[in-house]
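Chemist: Can you look at this prediction? I've put the sequence above it.
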Amino acid sequence: MTTVPVDRIRNIGLMAHIDAGKTTTTERILYYTGVTYKMGEVDDGTAVMDWMEQEQERGITISSAATTCFWNDYRINIIDTPGHVDFTAEVERSLRVLDGAVIVLCGVGGVEPQTEKVWYQSTKYHIPKVAYVNKMDRVGSDFHDVVAQIEEKFKVMALPLQLPLGSEECFCGVVDLVAMKAYRYSGELPGAPVETEEISGELRDEALLHREHLVERLAEMDNEVMELFLEKKEVPGAILKRAVRTATLSLKAVPVLLGSSFKNKAVQNLLDAVVDYLPSPADKPDVTGCDPKSGRMLSRKLSDSEPMSALVFKIMSDPYVGQLVYFRVYSGVIKVGASVLNSRRGQKLRVAKLLKMHANKREEVETVHSGDIAATVGLKDVGTGDTLCDERHPIQLDTIQFPEPVVQATIEPRLTAEHQKLDEVLAKLVSEDPTLKSYVDSHTGQAILSGMGELHLEIIQERIKREFKIQTKLGKPRVAYYETVRQEARGEEKYVKQSGGKGQYGHVVLDVKPFAGDGKFKFASKIKPGIIPKEFYPAIEQGVLEAMDIGVIAGFPITHVEVDLVDGSFHEEDATELAYKIAASMAFKAAFRKGSPIMLEPVMKIEIAVQDEYLGEVMADFNSRQGKVTHMDLKNGLHVIDGQVPLALMFGYAKALRTLTQGRGNYSLEFLKYSEMTEEMMNEVLKTQLGIYTTN
């Protein structure tokens, strides 16, 4: 891999709502940076970054894809991410290792639900952003309205750096407010000449007004701009550019650009903005982690001379090379043949190959430097979020948190002989995708597949068929419920078994109560020292976890409980780990039943866009699904309804909405939270799905 000064590297991601034009924009970037000689199109199934068959057929991005390109001697590592809410984990893991992001917005749709989701995900990781308003050639596009939406919905200062040259189908270029130049694109074909011209007439007056507004806003954050502004002097473009960059890196503002990627207009200006305003790895703070043994906080500087540390952010099966492991190097250097430590598992691994990725194509390299994103193959037992580091200087970086699955379905092979093969394939897919879960139902013995939505499960089924040649039957999707408690309760169990020789003895007393912290479970020992030897504590905790996995009232996993070991007893001869594990499982179940158990259901955030004549019927249907309206707005002649609704009542909604609106309405759905069900609803679910008629 060509060595580039770290301040000339940009690790960026393109993120947005589905169909805003992320992949099309990436295709143009690859063309203009010389990576490809022919532009791929999403609609034709020829996009380089959408290389999976399912992506090409459906016209959507499913898996994040990485590539590298060069622009004005800067290396830009790009990750193109999905816009569909079912694949939000791809965005989450990408954001964890990126330095900056380009948020692509539709010039007509503006800030859409998934745009909000990725925006807040990026804010969580303190990632500077550039907003790119795409599709400015579309009828109904409104740049200034989108800028207003960014400020209103995200409570952030938006800095429009450009104005559109022409509007809708007459859109032909941009006016650059920093350089005070107009860039006119004379055609729609790739490589059409760009004419740089002076701004004249009424357009110049408008540009001067907007530039003055830009300077005024930057003066609030930059002293040099403030002095020039107060003295009523012209602010040079270089000073303005530096002030915009500083405001962007400090997350105080977001530069906003515009263009039409499909019509090949203004993508070059976007590339300039990526280089000018988004951070290099050197602009980010030192990476922090902990010593895997002592837990002591550690930090690593971005330098090739530091001990090596890298974070694994994606695992992917490749039919030719096996398991591909994507990672970001935060410090030090990785070389082919080097020995590294997986600090989470304490395993030493040897790096046999290093690869620079371009979608599904790969180029072998000898060395990967700090700040780079690359991949390797042949590493065993490595998972998403693991840290690879120098074995002499171990460090464990912060891992990646993923949302829990909300939809599940049974899955089984069409051929009985392929059961074992399917189990192996599911284990491989689960290791790739942290939002995919697979387990065997303790009541029916069936394999259950859990994911983020119906589309997620359908894609997995297709991958099993195409990549692993197994025909499967996927059951009707159902909601992934959870169980929890509402009050504190105590459970005591003694497991004693005598069989002639050495017996089994375990006796524990557990307190179970609601847990409001992060994570599904907290275990603590509040027992007096000596009552139960400490070596049995892990077995007790394991017994509780196993009981939580299979549930108590309905077989759904248990979450958000705190379990305290408060008492018990010990038999010097017969005490065993197995006995304490069984006793803990039984005591936990007994306490759980007394703790006013309740089921939790996924509640979804929904946005419905509908014409005026269908509003009444759509609202009546929404209310019948126990939907709650949180906000209503009129945008581009459409009523936009924001609300919350239980997922269980939303299966088949696409067909219902098409029927109610003659195919003209549309909606988007994303997970919001898990919420307690009413006793009536819970009993109804138990009765209809499980044949259980009471919660007692």
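Modeler: On my side now, so go ahead.

Chemist: Dump the C-alpha coordinates for stretch 648-658 into CSV.
Modeler: Below are the C-alpha coordinates for stretch 648-658, written out as CSV (Å, rounded to 0.1, in the frame of the first residue of the first chain):
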residue,chain,number,x,y,z
ALA,A,648,-46.6,-6.8,16.2
LEU,A,649,-49.4,-4.9,14.5
MET,A,650,-47.4,-3.7,11.5
PHE,A,651,-46.9,-7.0,9.6
GLY,A,652,-48.4,-6.6,6.2
TYR,A,653,-48.7,-2.8,6.5
ALA,A,654,-47.1,-2.2,3.1
LYS,A,655,-50.0,-4.0,1.3
ALA,A,656,-52.6,-2.3,3.5
LEU,A,657,-51.2,1.2,2.8
ARG,A,658,-51.1,0.5,-0.9
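
Chemist: Show residues contacting that stretch.
Modeler: 454, 477, 479, 601, 604, 606, 608, 618, 621, 625-626, 665-667, 669, 685 (C-beta atoms under 8 Å, 6 or more residues apart in numbering). (Glycine included, C-beta is placed from N, CA and C.)

Chemist: Next: stretch 491-504.
Modeler: Residues contacting stretch 491-504 (C-beta under 8 Å, 6+ apart): 505-510, 512, 567, 569, 571, 573-574, 576, 578-580, 582-584, 586-592, 594.

Chemist: try 10 Å this time
Modeler: With contacts defined as C-beta atoms under 10 Å, 6 or more residues apart in numbering, stretch 491-504 is touched by 505-512, 543, 563, 566-569, 571, 573-595.

Chemist: Flag every buried residue along that stretch.
Modeler: Buried positions in stretch 491-504, judged by neighbour count with 16 or more other C-beta atoms under 10 Å: 491-493, 495, 504.

Chemist: swap in stretch 211-227?
Modeler: Under 16+ other C-beta under 10 Å, the buried positions of stretch 211-227 are 211, 214-215, 217-219, 221-222, 225-226.

Chemist: Same question for stretch 406-413.
Modeler: Buried-residue list, stretch 406-413, by 16+ other C-beta under 10 Å: 406-411, 413.

Chemist: next one: stretch 530-538
Modeler: So, applying 16+ other C-beta under 10 Å, buried residues of stretch 530-538: 532, 536-537.

Chemist: do stretch 292-312 as well
Modeler: In stretch 292-312, counting by 16+ other C-beta under 10 Å, buried: 292, 298, 300, 302-303, 306-312.

Chemist: Convert that stretch to CSV, retaining C-alpha atoms only.
Modeler: These are the backbone C-alpha positions of stretch 292-312, laid out as CSV (Å, rounded to 0.1, in the frame of the first residue of the first chain):
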residue,chain,number,x,y,z
PRO,A,292,-7.1,-6.7,29.3
LYS,A,293,-5.8,-8.0,32.6
SER,A,294,-5.8,-5.1,35.0
GLY,A,295,-8.5,-3.0,33.4
ARG,A,296,-6.1,0.1,33.7
MET,A,297,-6.9,2.8,31.1
LEU,A,298,-4.3,3.1,28.2
SER,A,299,-4.0,5.3,25.2
ARG,A,300,-2.2,5.0,21.8
LYS,A,301,-1.0,7.9,19.6
LEU,A,302,-1.5,7.8,15.9
SER,A,303,2.0,6.9,14.9
ASP,A,304,3.8,4.1,13.2
SER,A,305,6.3,4.0,16.0
GLU,A,306,3.7,3.2,18.6
PRO,A,307,2.8,-0.4,19.6
MET,A,308,0.3,-1.8,17.1
SER,A,309,-3.4,-1.6,17.9
ALA,A,310,-6.3,-2.3,15.4
LEU,A,311,-10.1,-2.8,15.7
VAL,A,312,-11.9,-5.5,13.8
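
Chemist: Now that stretch: average pLDDT?
Modeler: Averaging pLDDT along stretch 292-312 yields 91.

Chemist: With stretch 468-477 instead?
Modeler: Here the average pLDDT along stretch 468-477 is 89.

Chemist: what does stretch 158-166 give?
Modeler: 94.

Chemist: Kindly export that stretch (C-alpha atoms) in CSV.
Modeler: Provided in CSV are the C-alpha atoms of stretch 158-166 (Å, rounded to 0.1, in the frame of the first residue of the first chain):
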residue,chain,number,x,y,z
ALA,A,158,-25.7,24.5,8.9
LEU,A,159,-23.2,26.4,6.7
PRO,A,160,-24.4,26.4,3.0
LEU,A,161,-21.2,26.8,1.0
GLN,A,162,-22.9,26.7,-2.4
LEU,A,163,-26.0,27.9,-4.2
PRO,A,164,-27.7,26.1,-7.1
LEU,A,165,-27.1,27.4,-10.6
GLY,A,166,-30.5,26.9,-12.1
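
Chemist: Buried residues, it. List them.
Modeler: Within stretch 158-166, judged by 16+ other C-beta under 10 Å, the buried ones are 158-165.
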